[in-house]
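> attaching a predicted model along with its sequence, questions to come.
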Amino acid sequence: MALLDDHPAVLAGLRRFIEQEPDLAIVGAAPTATELARQLANRRVDVLIVDHDVARSDGLSQCRRIKDRPHPPGVVIYSAFARQALALPARLAHADAVVDKTGPVTSLLAAIRAVARGETMLPDVSRASYDDATARLESDDLPIFAMLLDGEPVPAIAEALRSDPDEIAWRAQRIIGRLRPGAGPRPEERELEPVGGRVPDLPFH
């Protein structure tokens, strides 16, 4: 598995706990996507644990890009934000689990093992959260929102909507950016980083 978290104490603590487990192995751990990509090179991992809010990056956006690739790893979003606040954006990013950093480490270990088995551990999305999300999005983003929520990958959404995959990928990132915890007012149309922008992609394929 691999760890991506920009808090050194959290990263060190996770390594210490996880490496005590005989059935779990860490092949990369870093505070930035750039450093983690360097460590992993072309090695595959089964599970990626990523903080929701990594310095100068966004764990949810990283997750969505990774999940559009063939045979992606399972992704666990590990965050201090309330699980309910991440319920909808994590599903849109196609994460496999959400774990609260304030909870016991045993919860994270259980999620890692579940995701490695192909299971998901995601909080339910409340009707109020869904209604709030649709109210915050523009009407032409609602079909993409619905298909992302149904688990459709970007290429399939682009085909269904007869649109350019790069444009759909950028709009998917914009949707997640607007709905993630702590998001402010609607960003300008090109404020969010498009796919292939400055934030490096992790080498999962």
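That came in fine, so what should we check first?
> show me which residues of the longest helix anywhere in the chain are buried.
The helix spanning the most residues in the chain, taking DSSP state H as the definition, is helix 165-179. Applying a neighbour-count criterion of 16 or more other C-beta atoms under 10 Å, one finds 165, 168-179 buried in helix 165-179. C-beta here means a position set from N, CA and C on the backbone, and glycine is covered the same way.
> so residue 128, which state does it fall into?
helix (DSSP: H, G, I helix; E, B strand; the rest coil).
> model confidence for it, exactly?
The per-residue pLDDT reported for residue 128 equals 92.
> mind listing the helices for the chain?
With DSSP H as the criterion, the chain has helices spanning 8-19, 33-40, 59-67, 83-92, 105-116, 127-136, 142-149, 154-161, 165-179.
> most packed of those?
Using mean count of other C-beta atoms under 10 Å, the stretch among the helices of the chain with the largest mean neighbour count is helix 59-67, at a mean of 24.
> tell me who's in contact with the residue in the chain sticking out farthest from the centre.
Most distant from the centre of the chain: residue 22, at 26.4 Å, with distances by C-alpha atoms, centre = their mean. Contacts of residue 22 were listed using C-beta atoms under 8 Å, 6 or more residues apart in numbering, and none were found.
> care to break the chain down by domain?
2-116, 127-179 (automatic domain parsing).
> okay if I get the buried residues of helix 165-179 as JSON lines plus pLDDT?
Listed next are those as JSON lines, based on pLDDT from 0 to 100:
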{"residue": "165", "pLDDT": "93"}
{"residue": "168", "pLDDT": "95"}
{"residue": "169", "pLDDT": "93"}
{"residue": "170", "pLDDT": "93"}
{"residue": "171", "pLDDT": "94"}
{"residue": "172", "pLDDT": "94"}
{"residue": "173", "pLDDT": "91"}
{"residue": "174", "pLDDT": "92"}
{"residue": "175", "pLDDT": "94"}
{"residue": "176", "pLDDT": "91"}
{"residue": "177", "pLDDT": "87"}
{"residue": "178", "pLDDT": "89"}
{"residue": "179", "pLDDT": "90"}
